[in-house]
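1. have a look at this prediction, sequence included:
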Amino acid sequence: MLPTPDTSHVSYNRVYEPAEDSFLLLDTLSLPSETTFLQTRFSKDALPPPLVLEVGPGSGVVIGFLTANATPLFGHDHILTFAIDVNRFACSATGLTVKKATAETGAGSSGVFLDAVQGDLTNPCRPGQVDVLVFNPPYVPTDELPAPLTKEGNEKPTFEEESKLLELAYAGGKDGMETTERLLDALPETLSARGVAYVLLCAGNRPEEVKDRIRSWAGGSWKAETVGTSGRQAGWERLSIVRVWRDDDQ
Amino acid sequence: MKVLTLNFLTCAVKACKSSSDSFPLHPKDAELVHDDVEVNAQLLTNLLHRLDWKALRTTATELGFPDLPETAPTQEDLENDEKTLKDLHNLLIETQMMEGKLVCGHCGHEYAVREGIANFLLPTHLV
């Protein structure tokens, strides 16, 4: 078992607390099938070194894990990581989580963490740069999506504003897919040619339909496969991780 | 935020993405600090393969660093010249922009950097 980053410094009044979904991402990315996939695609000799982005890191537990365990996961420590979160508190929390996690595993294991920046999904990304993108979305189906945060967002949030920050972390609107759809739409522009995305979905998101839609992009040049699941109930996987990437054979 | 990060970010306004003027963003009123980080020579060498050198030159000059050479150093350059390696490490990894603004050269929008965190959320009228 690779060490799970310590997030004891994070204020869970303002930032999503690591839960079953976060740990499913850690478990899936450490599976031999995924480390083999990543090590083949991003071997030390395959230049340039991969750029890893987590969108919506919250506490930073996942990007902290990826950065601190670069060598066991990617086979080398030549990876660059960064994160984008709409919630400023999540950005500061993530910075500290990664710092602690990399201090624990030390040089030789850790990649280089760049920054956590505040933003809406992949909006600030220069196109075609991201090699590995990880997204644990707000996936719970809800009647409404909270209004997006804008620049006018506050420094010192009231209790209601704090609730909104947490709501933004789970409320997914129609089918729980409204935010995830926006992220998926941006993948072809954001990812590099060798880029791969890991996106978490819940059963209510209708993962089979989501995968079918991705497979129909750009004349069928994309692949989408379920690579990790948890919480099997009556034949349904409650949560799943879908890997999305361009088909190399095309 | 690190100078290296600026090589991967652009203006968050959708209409700006296709304009070459939106990258790199231009630092303004930047307050810089220096963090000591151990040099990883091989990583730095490999990094050169993914940097937009022209954009980095612009950023470095705008932040008040000595002008970078017109073309990126080669692997041999870095292996044989410890000063170039150290300078590059200092610029890319150790220099942090703590306060200031990042300005888009296309739409003129200014993104604030506070306590080292850049805010790319857009005002309501630009969303």
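-> Ah, there it is.
2. list the contacts of A:Thr102.
-> With contact set as C-beta atoms under 8 Å, 6 or more residues apart in numbering or on different chains, A:Thr102 has these partners: A:64, A:67-68, A:110, A:113. For every residue, glycine as well, the C-beta is placed using N, CA and C.
3. which of those fall within strands?
-> Within these, residues falling in strands by DSSP state E are A:Phe113.
4. let's have the contacts of A:Thr102 in a markdown table, adding distance to chain B, pLDDT and neighbour count.
-> Output for those, formatted as a markdown table (distance: C-beta to the nearest C-beta, whole Å; pLDDT from 0 to 100; neighbours: other C-beta atoms under 10 Å in any protein chain shown):
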| residue | distance to chain B | pLDDT | neighbour count |
| --- | --- | --- | --- |
| A:Gly64 | 17 | 98 | 34 |
| A:Thr67 | 13 | 98 | 31 |
| A:Ala68 | 15 | 98 | 29 |
| A:Ser110 | 10 | 95 | 23 |
| A:Phe113 | 9 | 97 | 28 |
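5. which one of the contacts of A:Thr102 is nearest A:Ala83?
-> A:Phe113 (8.4 Å; C-beta to C-beta).
6. burial count for the closest residue in space to A:Gly173 that isn't next to it in sequence?
-> What sits nearest to A:Gly173 in space, not counting adjacent residues and going by C-beta to C-beta, 6 or more residues apart in numbering or on different chains, is A:Leu145, at 3.7 Å. By other C-beta atoms under 10 Å in any protein chain shown, 16 other residues sit near A:Leu145.
7. next: B:Thr124.
-> Neighbours of B:Thr124 using other C-beta under 10 Å come to 11.
8. that one is in contact with A:Thr150, isn't it?
-> Yes: in terms of C-beta atoms under 8 Å, B:Thr124 counts as a neighbour of A:Thr150; the distance is 4.9 Å.
9. and A:Ser33, how far from B:Lys14?
-> 36 Å (C-beta to C-beta, to the nearest Å).
10. meant to ask about A:Pro48, not that
-> Distance from A:Pro48 to B:Lys14, by C-beta to C-beta: 27 Å.
11. tell me which of those two has more neighbours.
-> A:Pro48 (17 against 12).
12. and the more buried one, what does it touch?
-> B:46-47, B:49-50.
13. with A:Gly56 instead?
-> A:84-86, A:90, A:121, A:135-138, A:169.
14. for A:Leu2, same thing?
-> Here A:Leu2 is in contact with A:26, A:30, A:65, A:69, A:72-73 (C-beta under 8 Å, 6+ apart).
15. repeat that for A:Thr179.
-> Per C-beta under 8 Å, 6+ apart, neighbours of A:Thr179: A:121, A:137-138, A:145, A:172-173.
16. check A:Pro72 too.
-> A:2, A:30, A:35, A:109.
17. check which residues of the lowest-mean-pLDDT helix or strand in chain A are buried.
-> Least confident helix or strand, chain A: helix A:159-170 with a mean of 87, by mean pLDDT, DSSP states H and E. Residues of helix A:159-170 classed as buried: A:162, A:164-166, A:168-170 (neighbour count, 16 or more other C-beta atoms under 10 Å in any protein chain shown).
18. which residues of chain B lie near chain A?
-> Within chain B, the positions adjacent to chain A are B:1-2, B:4-5, B:7-12, B:14, B:17, B:23, B:38, B:40, B:42-43, B:46-47, B:49-50, B:93, B:115-124, B:127 by C-beta under 8 Å from any C-beta of the partner chain.
19. list buried residues within those.
-> Listed as buried from those are B:1-2, B:4-5, B:7-12, B:17, B:23, B:40, B:42-43, B:46-47, B:50, B:93, B:116-122; burial here means 16+ other C-beta under 10 Å.
20. in a helix, B:Leu56, correct?
-> Yes: residue state for B:Leu56 (DSSP: H, G, I helix; E, B strand; the rest coil) corresponds to a helix.
21. pretty sure it contacts B:Glu70?
-> No: using C-beta under 8 Å, B:Leu56 is not in contact with B:Glu70, being 11.7 Å away.
22. so between these two, which is more surrounded?
-> B:Leu56 (22 against 8).
23. ok, that one - contacts?
-> Counting by C-beta under 8 Å, 6+ apart, B:Leu56 has contacts B:3, B:7, B:24, B:68, B:91-92.
24. just put the residues you listed in TSV and tack on pLDDT.
-> Listed next are these as TSV, based on pLDDT from 0 to 100:
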residue	pLDDT
B:Val3	97
B:Asn7	98
B:Pro24	98
B:Leu68	95
B:Leu91	97
B:Leu92	97
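25. can you lay out the residues you listed as CSV showing secondary structure?
-> Converted to CSV, those look like this (three-state DSSP):
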residue, secondary structure
B:Val3, coil
B:Asn7, helix
B:Pro24, coil
B:Leu68, coil
B:Leu91, helix
B:Leu92, helix
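26. between the residues you listed, which is closest to A:Arg126?
-> Distances from A:Arg126 to these, taken by C-beta to C-beta, are shortest for B:Asn7, at 7.7 Å.
27. wait, the closest one sits on B:Leu51?
-> Yes: using C-beta under 8 Å, B:Asn7 is in contact with B:Leu51, at 5.6 Å.
28. quick one: the strands in chain A?
-> A:51-55, A:80-85, A:112-118, A:130-135, A:191-202, A:222-233, A:236-246.
29. run the angle between the shortest one and strand A:112-118 for me.
-> Read that as strand A:51-55. Angle, strand A:51-55 to strand A:112-118, by axes from the mean of the first three to the mean of the last three C-alpha atoms, to 10 degrees: 30 degrees.
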